[in-house]
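> take this sequence and fold it.
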Amino acid sequence: MNKIKISERLVWGAITGCLVALVFFVSTDKVKAISTDGEKYLQILHEVVSYIENDYVDPQEEKKIYTGAIQGALQSLGDPHTRFLDTDEFGELQNETKGSFGGIGVEISFQENAFIIVAPIEGTPAWKAGLQPQDKIIEINGKSTKSVSLSESIAMMRGDVGSSISMKIERKGIKDPFVVNLVRELIQIRYVRSHYLPETETGYIKLVQFMGKETTTKEFVSAVKTMMDSGAKKLVIDLRMNPGGLLDLAIDLADLFLPPDAEIVSVKGRGGVLVKSYKADKKEKKFLDIPIAILVNGGSASASEILAGALKDNKRAVVVGTQSFGKGSVQSIFPLSGGTGVAITIQKYYTPSGISIHGKGITPDYIVNPTSASEDEKYALEKLFKKNLIRPFLETHSELNDIALSDFAAILKKENLTISDSVTRIFLFNEMRVGSSNAKPRLDLDTQLSEAIRVLK
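Predicted coordinates for the structure are as follows:
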């Protein structure tokens, strides 16, 4: 079999919506011999399987036994991205996704035998429903995910545009799991959104995802130029809830702000051996003087972390927000017998200062937690949703103003509920912008953005 190099990209565990897993496919014409100890334990495994098949109280399928043993061996590595691929999963990775399909717009990572949300993509059904990084999906359409394979979960989340999907979610800090009902949409993402904030002479760019390499780079450059021509003297790049994407796009964007030969990211393999180092080139069109702040949070992963780490370590930007997700590894897909395969982590990404992104993430220069609701306030909001008081309110109030705040306060008073003014404003603003994800950011409602602009003064 020939070695097929798909692309040098960041590899994600499992991706739904319009996202596709991107990996290296390699041939295994010759399997390496195992050690003497390996032979000994392989013999023990065969003996255990023999006892199970002949003496276990309930008859067992042989395929199930061996598949379980394989999965157990890979899980012992403690790496959620190294995994066994059955025939369906292996076929899913080999075939390109063709045409359009309905999805919910969320990236998923398989960790500790559970499907964990890395980040919802802004503007998609998952984002509109308020799904968050680290949410655990425990049921899909009433079926427990404990018995669902990777390919099955992807198939269950995809579907016709307009069709419904139900997911039960476990969230840290919330006692009971809750159900989220979503309607699949055709996932068409605008990757770059920008606004000039004249009151602070700041250019603001929201990068939703590192996809659409050619158009995204052009749109990004155009946005920076336009805002600088308008008077922007500093730049904020918002990578919050950006789950990553293409490695080469992260490198291209970092290159825009770094002098020639500055290191962007390095790739190291087994034993820390350097595989490749990516450096800024000598292109003429660069933005080397404008001060930059980068916003990150727990939903910023892979390519987001490479861009943030490259500019931070080269003293080209300050990073503001909370710890990023920590996802920076490369997998190879090795074909196995019977149409199966195995995904094995072979390399990791390192920032210019030599720090591994994987499992650690990027630590901000300025740690700023967003304003969030207390447990009592979350309970109050949940009660309003259950009583169906939020949607009718939003149908008659489309703009956050004094009238909307007064009318919402009246609802709280009638229901004998208390929510602080700051939480109320942020909640209503976010709910009102669901239908228009390109709404101009509000500094009075975004403490992280406000701090990023402040530290650039």
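> from what I see, Ser303 and Leu246 are in contact.
Small correction: residue 303 is Ala, not Ser. Yes. Counting by C-beta atoms under 8 Å, Ala303 does reach Leu246; the two are 6.4 Å apart. No exception for glycine: its C-beta is placed from N, CA and C like everyone else's.
> tell me which of the two has more neighbours.
Ala303 (31 against 21; other C-beta atoms under 10 Å).
> in contact with the more buried one, which residues?
10, 210, 242, 244-247, 249-250 (C-beta atoms under 8 Å, 6 or more residues apart in numbering).
> quick one: the helices in the stretch 301-450 of the chain?
Taking DSSP state H, counting those that start in this stretch, the helices of the stretch 301-450 of the chain run over residues 303-313, 375-386, 390-396, 402-414, 421-432, 447-455.
> mind putting the ones you listed in a markdown table, distance to Thr82 and mean pLDDT included?
Shown next, in a markdown table, are those (distance: least, C-beta to C-beta, whole Å; pLDDT from 0 to 100):
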| stretch | distance to Thr82 | mean pLDDT |
| --- | --- | --- |
| helix 303-313 | 20 | 97 |
| helix 375-386 | 36 | 87 |
| helix 390-396 | 43 | 87 |
| helix 402-414 | 49 | 95 |
| helix 421-432 | 37 | 87 |
| helix 447-455 | 34 | 96 |
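> in JSON lines, list these along with distance to Lys172.
Formatted as JSON lines, these follow (distance: least, C-beta to C-beta, whole Å):
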{"stretch": "helix 303-313", "distance to Lys172": "21"}
{"stretch": "helix 375-386", "distance to Lys172": "12"}
{"stretch": "helix 390-396", "distance to Lys172": "24"}
{"stretch": "helix 402-414", "distance to Lys172": "27"}
{"stretch": "helix 421-432", "distance to Lys172": "19"}
{"stretch": "helix 447-455", "distance to Lys172": "20"}
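> most tightly packed of those?
helix 303-313 (a mean of 28; mean count of other C-beta atoms under 10 Å).
> any idea of the pLDDT on the nearest residue to Gly299 once chain neighbours are set aside?
What sits nearest to Gly299 in space, not counting adjacent residues and going by C-beta to C-beta, 6 or more residues apart in numbering, is Ala119, at 3.4 Å. If you check Ala119, the pLDDT there is 77.
> list the contacts for Ala119?
Per C-beta under 8 Å, 6+ apart, neighbours of Ala119: 106-107, 133, 241-243, 299-301, 325.
> select from those the one having the most neighbours.
For these, neighbours tallied by other C-beta under 10 Å; top is Ser300, 33 neighbours.
> and the longest strand along the chain, what does it pack onto?
For the chain, the longest strand by residue count, based on DSSP state E, is strand 341-350. Strand 341-350 sits against strand 83-85, helix 87-94, strand 263-268, strand 329-335, with contacts defined as 3 or more C-beta pairs under 8 Å, 6 or more residues apart in numbering; DSSP states H and E.
> so, low pLDDT: which residues of the stretch 51-200 of the chain?
92-102, 110-113, 149-151, 154, 188 (pLDDT under 70).
> pretty sure Ile108 sits in a strand.
Yes. Assigned with DSSP: H, G, I helix; E, B strand; the rest coil, Ile108 falls within a strand.
> and it, how far from Ser166?
16 Å (C-beta to C-beta, to the nearest Å).
> neighbour count winner among the two?
Ile108 (26 against 13).
> the more buried one against Ile121, yeah?
No. Contact between Ile108 and Ile121 fails when scored by C-beta under 8 Å: they sit 11.9 Å apart.
> who touches both of the two?
Joint contacts of Ile108 and Ile121 (C-beta under 8 Å, 6+ apart) do not exist.
> show me the contact partners of the longest helix along the chain.
Longest helix of the chain, by residue count under DSSP state H: helix 36-55. By C-beta under 8 Å, 6+ apart, the surrounding residues in contact with helix 36-55 are 34, 60, 62, 65-66, 69.
> chain neighbours aside, what residue packs nearest to Thr200?
Ile453 (5.1 Å).
> contacting residues around that neighbour?
197, 200, 202, 234, 236, 293, 443.
> look up how far Ala308 lies from the second one.
Per C-beta to C-beta, Thr200 is found 21 Å from Ala308.
> on that earlier part again, which two in the contacts of Ala119 are spaced the farthest apart?
Val106 and Ser300 (14.8 Å; C-beta to C-beta).
> burial of Leu62, as a residue count?
Quick fix: residue 62 reads Glu, not Leu. 10.
> residues in contact with it?
Contacts of Glu62 by C-beta under 8 Å, 6+ apart are 49, 53.
> do I have it right that Leu288 meets Pro260?
No. Leu288 lies out of contact with Pro260 (C-beta under 8 Å); the separation is 10.1 Å.
> need phi/psi at the most centrally placed residue in the chain.
Residue closest to the average C-alpha location in the chain (C-alpha atoms, centre = their mean): Pro243, at 2.7 Å. Dihedral angles of Pro243 (phi, psi; degrees, to the nearest 10) stand at phi -80, psi 0.
> now do the contacts for it.
Here Pro243 is in contact with 12, 19, 107, 118-119, 121, 209, 299-302, 304, 325 (criterion: C-beta under 8 Å, 6+ apart).
> make it 6 Å
107, 118-119, 301 (C-beta atoms under 6 Å, 6 or more residues apart in numbering).
> and the pLDDT for it?
87.
> and it, how far from Gly339?
30 Å.
> now swap in Ser147 and tell me
In terms of C-beta to C-beta, Ser147 sits 22 Å off from Gly339.
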